[in-house]
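**Student:** Sequence and predicted structure below; questions after.
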Amino acid sequence: MLKTILPDENATLALGGAIARGIEPGLVVFLHGDLGAGKTTLVRGVLRGLGFEGRVKSPTYALVELYEVSRLDFHHFDFYRFQDPREWNEAGFRDTFDGRRVSFVEWPEKAHGLLPTADVEITLAIQDVGRVATLKANTPMGIRCLEAAMRPAPVR
Ligand SMILES: Nc1ncnc2c1ncn2[C@@H]1O[C@H](COP(=O)(O)OP(=O)(O)OP(=O)(O)O)[C@@H](O)[C@H]1O
């Protein structure tokens, strides 16, 4: 378990950039934290780190935003509004967690029982100033991801 202080938005983006270095196909990351904790900001940092330059918006209404970047099929889910498990099949999510796509999932607890085990779980806690991030790896792929994220960034 790792804990790090994120004093401002740029620190959240930088953490996302570090995590991007450890991404491999099939990785599933759960993002925990209250409304406004910075979950989408973190995903924005990951996507920027992977080389995506477009807009990264919250998938709260769409349930999922898809990105193709760095030869990865990247899914950013937000299950805040998810209620009916039938939506799961209708939206074609059944085939999504197939071990090839990369998935970052906000509010995974709302889709309890439908999601696979997360390789990595990240919790963002709101502080008076900034956020505290807690990172936990649950699988060998998750451990590899966090190890890569913690290594110093290569000098360009
Ligand atoms: N480390 C940080 N310190 C202070 N503010 C931050 C930090 N990280 C992100 N923020 C700010 O928090 C606000 C909410 O961020 P964001 O939209 O990413 O949260 P969220 O968890 O995705 O929210 P929601 O669950 O409502 O979609 C943004 O204004 C963002 O700039």
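**Tutor:** Good, I have the coordinates.

**Student:** Which element, helix or strand, includes Cys145?
**Tutor:** Using DSSP states H and E, Cys145 maps to helix 140-150.

**Student:** who touches that helix?
**Tutor:** Residues from elsewhere that reach helix 140-150, judged by CB atoms under 8 Å, 6 or more residues apart in numbering: 2, 15, 18-19, 21-24, 26-27, 29, 118-120, 135-137. Bear in mind the C-beta positions are built from the backbone N, C-alpha and C, glycine included.

**Student:** Same check on stretch 51-61?
**Tutor:** Stretch 51-61 has contacts (CB under 8 Å, 6+ apart) with 40, 43-44, 47-48, 65, 67, 69-70, 74, 76-78, 80-81, 106.

**Student:** cutoff 6 Å now
**Tutor:** 40, 44, 47, 65, 67, 69-70, 76, 78, 80 (CB atoms under 6 Å, 6 or more residues apart in numbering).

**Student:** With stretch 31-39 instead?
**Tutor:** 12, 106, 122-124, 126, 131.

**Student:** Apply 10 Å and report the result again.
**Tutor:** Around stretch 31-39, the neighbours that count as contacts under CB atoms under 10 Å, 6 or more residues apart in numbering are 6, 9, 11-13, 15-16, 30, 40, 42-45, 58, 60, 76-78, 80, 104-109, 118, 120-126, 130-134, 136.

**Student:** so which of those are also by the ligand?
**Tutor:** By CB under 6 Å from any ligand atom, the members of these lying near the ligand are 6, 9, 11-12, 40, 58, 60, 130-131.

**Student:** Okay, buried residues for stretch 133-147 please.
**Tutor:** By 16 or more other CB atoms under 10 Å, the buried positions in stretch 133-147 come out as 133, 135-137, 139, 141-142, 144-146.

**Student:** Write out the residues of the protein neighbouring the ligand.
**Tutor:** Taking CB under 6 Å from any ligand atom as the contact definition, the chain meets the ligand at 6, 8-9, 11-12, 33, 35-41, 58, 60, 130-131.

**Student:** circling back to that earlier point, can you flag the buried ones in the contacts of stretch 31-39?
**Tutor:** 6, 11-13, 15-16, 30, 40, 42-45, 58, 76-78, 104-108, 118, 120-125, 130-131, 133, 136.

**Student:** list the contacts for Glu106?
**Tutor:** 29-33, 37, 39-40, 42-43, 58-60, 76-80.

**Student:** Setting the sequence-adjacent residues aside, check what's closest to Phe97.
**Tutor:** Pro116 (4.9 Å; CB to CB, 6 or more residues apart in numbering).
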